[in-house]
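Engineer: quick one, what's the 3D model for this:
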Amino acid sequence: MSTSEAMGRAPKPFDELRANGDGQAVRAEPFDGAQDGPVEARASVRAEPVVARASVRAEPVVARASVRAEPVEAPSRHDARLGVLARDLRVAARQRVGWLLPLAFFLAALSLFPLGLGAEPALLRRVAPGVVWACALLSMLLALHAMFSSDLADGSLEQMLIGQRPLVRLVAERVLAQWLLGGAPLVLLSPLAGLAFGLPADAAGVLAASLLLGTPVMALLGALGAALSLGLRHGSALVYLLVLPLAMPTLVFGSGAVLAALNGEPAQAALSLQGALLILTALGAPPLTAAALRIAME
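Structural biologist: So this is what the prediction gives:
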């Protein structure tokens, strides 16, 4: 075949797949036979869409919460002046079990003695002063161990120690609140208890007067015992062991005044001794209680 015939013949499409230099399979295009030189395969490259990944910077989103301001009740001057006394009375008005339980114990214990001793009037009249005084002492001891424990638990005792008010004044207010809740109801119920045991009216009045002088002494001694046993594991039992021996003199003088009135003797001597015990305890117990509280917090 001549060269002219070879050049005039129509070239066939070259459909075979060839591998390029990178190892990728490309499809060869038909070439023009009239051209001289090496045959070059023209690869049709399929362009893939390129997805641009934009780096998005996350901005912090601040949620704006609409807070509704509640009105705060400012303490009145009267409450601010009374301090601990007003707060304790307000808490007692909400939690009535704390001061009603000792009162219920007092009434229940008084009702058991006539059932055990019998209904003889002379016997009940003779044992009435000691029974009423013993029941009053035990009923007041029920609430004494928790006098400062709640303040220690919620941290308010530390605020009392670092506050501007003297700690002795705060202790005196706490003792006054304790007496108003635990001692004053006993004083009011004592004439009725005396009449129930067969006491005459004058002896029942002396019984109320002796409790009026003696229950503050027990409250002051109870505050001292509660401060000494604050934070201990068996503090309630320790309070009883500390307060009961110290409260024996006022118990003896109180029941002795009622017995003197029953026998027709003047009861002013025993009541005067109770008044002296009250003054001595009121002067000494609050500073000692404050010192015990400071030691317990160290």
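Engineer: which SSE is immediately downstream of the helix or strand where Asp202 lies?
Structural biologist: Assigned by DSSP states H and E, Asp202 falls within helix 201-228. Downstream of helix 201-228, the first helix or strand assigned by DSSP H and E is helix 235-262.
Engineer: next, the buried residues of the helix holding Asp202.
Structural biologist: By 16 or more other C-beta atoms under 10 Å, the buried positions in helix 201-228 come out as 203-228. For glycine as for every other residue, the C-beta is placed from the backbone atoms N, C-alpha and C.
Engineer: what count of nearby residues applies to Leu188?
Structural biologist: Neighbour count for Leu188, taken as other C-beta atoms under 10 Å: 12.
Engineer: where does it land on pLDDT?
Structural biologist: Note for Leu188: predicted pLDDT of 92.
Engineer: could you say which helix or strand holds it?
Structural biologist: Per DSSP H and E: helix 184-196 holds Leu188.
Engineer: give the buried residues for that helix.
Structural biologist: Result for helix 184-196 [16+ other C-beta under 10 Å]: buried residues 185-187, 189-191, 193-194, 196.
Engineer: same check on stretch 132-141?
Structural biologist: Using 16+ other C-beta under 10 Å as the test for burial, stretch 132-141 gives 132-137, 139-141.
Engineer: ok, stretch 116-134 next?
Structural biologist: So stretch 116-134, judged by 16+ other C-beta under 10 Å, has buried residues 124-134.
Engineer: so Leu259 versus Gly130, what's the distance?
Structural biologist: Per C-beta to C-beta, to the nearest Å, Leu259 is found 8 Å from Gly130.
Engineer: with Leu280 instead?
Structural biologist: To Gly130, Leu280 is 23 Å away according to C-beta to C-beta.
Engineer: what does Ala237 give?
Structural biologist: Ala237 is 24 Å from Gly130, by C-beta to C-beta.
Engineer: what's the answer for Gly118, then?
Structural biologist: For Gly118 relative to Gly130 (C-beta to C-beta), the value is 16 Å.
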